[in-house]
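> Quick one, what's the 3D model for this:
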Amino acid sequence: MPEGLRDKAAVVGIGETEYSKNSGRTELALACEAIKKAADDAGISLDEIDGLVRYDYDLIDEVALTTHAGLKNLRWMSHTGYGGTGGNAVIVHAAAAIAAGVADTVVCYRALNERSGRRYGQADFRHLLESGGQQAFQAPWGMLAPVHQFGQFASRHMIEYGTTSRQFGEVAVTLRRHASMNPRAMMRTPITIEDHQSSRLIAAPLRLFDCCIESDGACAVIVTRADRARGGRNAPAWIMGAAQGSGSRALGIVFRESLAVPESVYTARDVYRSAGVGPEEIDAVMIYDHFTPFVIISLEAYGFCKPGEGGPFVEGGRIAYDGELPVNTHGGNHSEAYIHGLPHVIEAVRQLRGTSTAQVEGAEVVLSCSSVAQLSAAVILRKD
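Numbering: from 1, shown residues only. Okay, the predicted model is just below:
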């Protein structure tokens with residue numbers, strides 16, 4: 001277990017473009033802007049970046065970035081699998097590279113025109129059929145898009161534990177409340193439980209307000225080694241723990257041993273062991289909220305409540321920024337922007353800096369995590 005990562009590196013810079021429905025710009029231009037803003041935030045030159053971690057989904061590769069962003073030389077390059085797990089996994093990779101001594105200052109980024117370009121929420125039926133593999137078992141029966149796949153988890157949770165659609169709505173209302181305070185968020189109009197319940201059904205049991213938004217934009221995070229982290233423009237956010245997990249037999253997302261147990265139970269065990277803390281020491285948590293039920297599932301997986309208790313746990317304002325366990329204080333994928341989870345790490349850093357628009361009083365330790373997307377990853381950051 002990577003206890004050796006503890007406090008070997010810290011996040012020192014964060015950068016974001018505007019989040020929009022139509023950026024009117026290339027993904028390369030967005031990536032370059034976000035990386036430059038992150039370097040400026042860290043108070044370093046682009047020449048100091050000698051490592052890079054990208055999502056394998058990202059269309060912008062290392063060659064393009066060294067050419068267009070002005071990076072001098074990358075001594076170490078890596079990428080992480082899938083989308084939802086990537087926002088935390090890139091930080092795991094960056095911390096590991098620094099701990100191994102193969103890089104000193106690493107940039108992690110994600111850029112996509114997901115609203116004006118390729119839309120992950122839509123599906124090409126013909127393409128799915130021709131792709132073969134598990135799609136041959138899914139597509140003919142109408143399981144075409146993520147909402148169809150992940151809705152199976154929500155249904156299973158409702159059957160197993162009595163979780164309700166109104167409890168999903170509690171998550172949606174809270175995330176929108178946080179976004180209403182965030183000028184960067186794309187969706188800032190508050191909603192009510194009644195709004196959630198009357199929103200149209202997309203794929204049972206998921207309604208419109210259970211689903212994340214689609215966004216154009218980019219963001220970047222600068223991670224550097226411990227002896228370089230202090231004395232910069234901002235106080236470092238120390239990487240206490242970091243972990244990834246695969247679980248087993250999760251092909252096609254739904255072909256797994258249990259729809260009620262996510263692979264992140266392994267990631268939770270490992271990230272807490274890596275950081276040397278437990279869930280009781282976490283002041284706020286940023287959960288990958290592609291669909292609202294996964295906030296509930298993640299709260300259970302990461303030990304904030306027992307399996308089956310996640311639905312009642314989110315009621316009564318408990319996960320609001322001024323509640324018992326603040327969740328996604330930026331609005332998350334649901335209401336701020338959907339950039340495959342990297343904004344969750346950025347919000348964790350803002351909480352530790354004390355600059356969030358929904359600041360948690362006394363926030364000193366923050367977990368950023370993913371739950372179910374075939375792979376899972378998590379990081380725990382602490383205040384300097």
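> from here on, contacts and neighbour counts on C-alpha atoms
Will do.
> mind listing the strands for this protein?
Secondary structure of the chain (DSSP state E): strands located at 9-16, 51-55, 76-80, 105-113, 201-203, 206-207, 216-225, 237-245, 284-287, 365-369, 376-383.
> of all the ones you listed, which lies closest to Ala136?
Judged by Cα to Cα, the one of these that comes nearest to Ala136 is strand 201-203, at 20.0 Å.
> Mind listing what's buried along the closest one?
Along strand 201-203, these residues count as buried under the neighbour rule (16 or more other Cα atoms under 10 Å): Ala203.
> Please enumerate residues in contact with it?
Strand 201-203 has contacts (Cα atoms under 8 Å, 6 or more residues apart in numbering) with Val147, His148, Gly151, Arg207, Leu208.
> What would stretch 36-53 look like as PDB? C-alpha coordinates only.
Output in PDB follows, covering the C-alpha atoms of stretch 36-53 (Å, rounded to 0.1, in the frame of the first residue of the first chain):
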ATOM      1  CA  LYS A  36      -1.200  28.500 -18.000                       C
ATOM      2  CA  LYS A  37      -3.700  29.600 -15.300                       C
ATOM      3  CA  ALA A  38      -2.600  26.800 -13.000                       C
ATOM      4  CA  ALA A  39       1.100  27.700 -13.400                       C
ATOM      5  CA  ASP A  40       0.300  31.400 -12.800                       C
ATOM      6  CA  ASP A  41      -1.700  30.400  -9.700                       C
ATOM      7  CA  ALA A  42       1.300  28.400  -8.400                       C
ATOM      8  CA  GLY A  43       3.600  31.200  -9.200                       C
ATOM      9  CA  ILE A  44       5.900  29.100 -11.500                       C
ATOM     10  CA  SER A  45       6.900  29.300 -15.100                       C
ATOM     11  CA  LEU A  46       5.800  26.700 -17.600                       C
ATOM     12  CA  ASP A  47       9.500  25.800 -18.000                       C
ATOM     13  CA  GLU A  48       9.400  24.300 -14.500                       C
ATOM     14  CA  ILE A  49       6.800  21.700 -15.400                       C
ATOM     15  CA  ASP A  50       8.600  18.400 -16.100                       C
ATOM     16  CA  GLY A  51       5.800  15.900 -15.800                       C
ATOM     17  CA  LEU A  52       2.400  15.500 -17.300                       C
ATOM     18  CA  VAL A  53      -0.700  13.300 -16.600                       C
END
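> For Val295, the count of nearby residues, please.
Val295 has 27 neighbours, counted by other Cα atoms under 10 Å.
> contacting residues around it?
By Cα under 8 Å, 6+ apart, the neighbours of Val295 are Val171, Ile287, Tyr288, Asp289.
> Repeat the analysis, applying 10 Å as the threshold.
Taking Cα atoms under 10 Å, 6 or more residues apart in numbering as the criterion, Val295 is in contact with 168, 171-172, 285-289, 301, 310-311, 314, 319, 327-328, 370-371.
> quick revisit: need the contacts of strand 201-203 in JSON lines with pLDDT, neighbour count and distance to Glu281, can you?
Written out in JSON lines, the entries for the contacts of strand 201-203 read as follows (pLDDT from 0 to 100; neighbours: other Cα atoms under 10 Å; distance: Cα to Cα, whole Å):
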{"residue": "Val147", "pLDDT": "91", "neighbour count": "23", "distance to Glu281": "33"}
{"residue": "His148", "pLDDT": "89", "neighbour count": "19", "distance to Glu281": "35"}
{"residue": "Gly151", "pLDDT": "92", "neighbour count": "22", "distance to Glu281": "31"}
{"residue": "Arg207", "pLDDT": "98", "neighbour count": "22", "distance to Glu281": "34"}
{"residue": "Leu208", "pLDDT": "98", "neighbour count": "16", "distance to Glu281": "34"}
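> mind listing which of these are in helices?
Residues of these located in helices (DSSP state H): Val147, His148, Gly151.
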